[in-house]
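I'll drop the sequence and a predicted model, then ask my questions.
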Amino acid sequence: MGKERLISSYLLVAIFVLGMACFSQLGMCQLAGRGRGFARTSGTRFVTDGNRPLFLNGFNAYWLMQFASNPSERMKVTSTLQQASRYGMNVARTWAFSDGGSTPLQISPGSYNEDMFKGLDFVLSEARKYGVYVILSFVNNYNDYGGKNQYVQWGRQHGGQNLNSDDDFYSNSMVKDYYKNHIKAVVTRINTITGVAYKDDPTIFAWELMNEPRCQSDLSGKILQVWIKEMAGHVKTLDRNHLVEIGLEGFYGETMPERKGFNPGYQVGTDFIANNQIPEIDFATIHLYPDQWVSGSSEEAQMTFVDRWVQSHIQDSNSVLRKPIVIAEFGKSSRSSGYTVEKRDAYFGMLYNAIYTSAKNGGACNGGIFWQLMTQGMDNMKDGYEVVLAESPTTAGVIGQQSRKLSTLT
């Protein structure tokens, strides 16, 4: 390493350490540490102990259970939660699934890897320690970590089912039973560290039915509508303490066809309005990746799309759904053409401002969860969207400022 690069690295570390100290002195941990009761909804707001408003500023880290299952890697989980808390982050979204494959949670239908489950126990125990709520997702739409494809394969291999499409996941009764059994295994799990059943643990903010459900075989949205209603109801029969959300990206469908113009040029078989109007769904989510969805557009055009996407969903959550909404995934990839940290900071700042403005004015948007937070020493896991706080002091500052602003509203 050259002398100039060495000095630059020392400066980055010094800025990060100083920033963390300053944030702590300014009460940046308040948002993370307040209120450990179960999260609830009251109209378009989240509330907790004593009906106090609860606003979310957090991160995605899908890898937490996987790393926590290996005792030699657990410090990365602890470090990530500790750093997040110091910057006022109060919620993490992560996977409660790994179906089949080389590092499974669910080895085969109903058969579980106890070491992996103990990893999830550790995640919840550490999150509780650092005042961070957790959103747990039950399954993936995509093949990563198994997903609906693995369930369909199990239906063929173990159940002798004649299945032709991954979308049979939503309609085949045997496959649906596999999924329901997984929900029950997670929801009723007793944490081996805390002794608390997941369904009784206020550290869990919400259950998520699926990461980004899509049904390309039925763009009308009817198949997914039936599935969401059935599965949300199933969760509620097992657990009345926790909130339930779908995991939607936010694509509009036939319920409000005039809104389909806000979609990024295609549909995925979901209907933001109808899906979230299901009574068992407690709050709405959207995801947002302009560098993927409107790739090739100018930075200005992408930001115009972002503003329209966010504001239309906030408006509909306010006036149509009358439920809270969270921007549950957003990010900017360093692998995209023209990327700079400054552009990422501006993008985060734009979304944080929309969230804060809505929250301050009593609107439905109650928080944002960026994709994704990592700690140092995870280079092999980087996907371009990662934020490593120690290496990105300006982005860390933008995140911390949002935590501070939201904390003034509670």
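Perfect, thanks for sending it.

got the buried residues for stretch 343-352?
343-345, 347-348, 351-352 (16 or more other Cβ atoms under 10 Å). Quick note: C-beta positions are derived from backbone N, CA and C, even for glycine.

Among those residues, which one lies nearest to residue 233?
residue 351 (32.3 Å; Cβ to Cβ).

ok, back up a step: in strands, which of the buried residues of stretch 343-352 fall?
When the buried residues of stretch 343-352 are checked against strands (DSSP state E), there are no matches.

for those residues, which one is nearest residue 328?
Distances from residue 328 to the buried residues of stretch 343-352, taken by Cβ to Cβ, are shortest for residue 351, at 11.7 Å.

how near is that closest one to residue 381?
24 Å (Cβ to Cβ, to the nearest Å).

swap in residue 108?
26 Å.

Mind checking which of the buried residues of stretch 343-352 land in helices?
343-345, 347-348, 351-352 (DSSP state H).

in a strand, that's where residue 135 is, yeah?
Yes: when DSSP: H, G, I helix; E, B strand; the rest coil is applied, residue 135 is found to be in a strand.

Quick one: residues contacting it.
Neighbouring residues of residue 135 by Cβ atoms under 8 Å, 6 or more residues apart in numbering: 91-94, 204-208, 245, 328, 369.

Look up the closest residue to it, ignoring the ones flanking it.
residue 93 (4.2 Å; Cβ to Cβ, 6 or more residues apart in numbering).

tell me the pLDDT at the one you found?
As predicted, residue 93 sits at a pLDDT of 99.

Can you pull out the residues in contact with the helix or strand harbouring it?
Following DSSP states H and E, one finds residue 93 within strand 91-95. Here strand 91-95 makes contact (Cβ under 8 Å, 6+ apart) with 56-65, 81, 84, 123, 127, 132-137, 140, 145, 205, 208, 211, 328-329, 367, 369, 373.

Give me the subset of those residues lying in helices.
Using DSSP H, the contacts of strand 91-95 in helices are 64-65, 81, 84, 123, 127.

Need the max-distance pair from these.
65 and 84 (16.3 Å).

Report the contact partners of residue 142.
211-212.

secondary structure element for it?
Going by DSSP H and E, residue 142 is not in any helix or strand.

Against residue 60, how distant is it?
14 Å.

Ok, residue 161 next?
From residue 161 to residue 60 the distance is 33 Å (Cβ to Cβ).

Look at the two and report which has more neighbours.
residue 60 (26 against 15; other Cβ atoms under 10 Å).

Looking at the buried residues of stretch 343-352, spot the one nearest residue 282.
Out of the buried residues of stretch 343-352, the member with the shortest distance to residue 282 (by Cβ to Cβ) is residue 351, at 22.0 Å.

ok now do the closest one, which residues does it touch?
Residue 351 sits next to 288, 306, 310, 327, 330, 368 when contact means Cβ under 8 Å, 6+ apart.

try 10 Å
288, 306-307, 310, 327, 330, 365, 368, 370, 402 (Cβ atoms under 10 Å, 6 or more residues apart in numbering).

Show the buried residues in those.
The buried subset of the contacts of residue 351 - by 16+ other Cβ under 10 Å - is 288, 306, 310, 327, 330, 365, 368, 370, 402.

Now the first one. Nearest residue, chain neighbours left out?
Spelled out, it's residue 288. Residue 288 sits nearest to residue 330 (Cβ to Cβ, 6+ apart), 4.3 Å away.

Check what pLDDT that neighbour gets.
Predicted confidence (pLDDT) for residue 330: 99.

can you check residue 49 too?
In this model, residue 49 is scored at 89, pLDDT.

Which secondary structure state is assigned to the nearest residue to it once chain neighbours are set aside?
Distances taken as Cβ to Cβ, 6+ apart place residue 37 nearest to residue 49, at 4.0 Å, with adjacent residues excluded. Here residue 37 is recorded as coil under three-state DSSP.

For residue 37, give me its contacts.
Counting by Cβ under 10 Å, 6+ apart, residue 37 has contacts 47-50, 52, 54, 202.

Swap in 8 Å and give it another go.
48-49, 202.

so residue 362 is in which element?
Judged by DSSP H and E, residue 362 forms part of no helix or strand.

What number of residues are in the vicinity of the closest residue to residue 289 other than its chain neighbours?
In space, and not counting its chain neighbours, residue 289 is closest to residue 331: 6.7 Å by Cβ to Cβ, 6+ apart. Close neighbours of residue 331, defined as other Cβ under 10 Å, add up to 23.

do the one 4 residues further on as well
Neighbouring residues of residue 335 were enumerated by other Cβ under 10 Å; the total is 10.

which residues does the closest residue to it other than its chain neighbours contact?
Take residue 335 and drop its neighbours on the chain: the residue closest to it by Cβ to Cβ, 6+ apart is residue 384, 3.8 Å away. For residue 384, the contact set (Cβ under 8 Å, 6+ apart) comprises 333-336.
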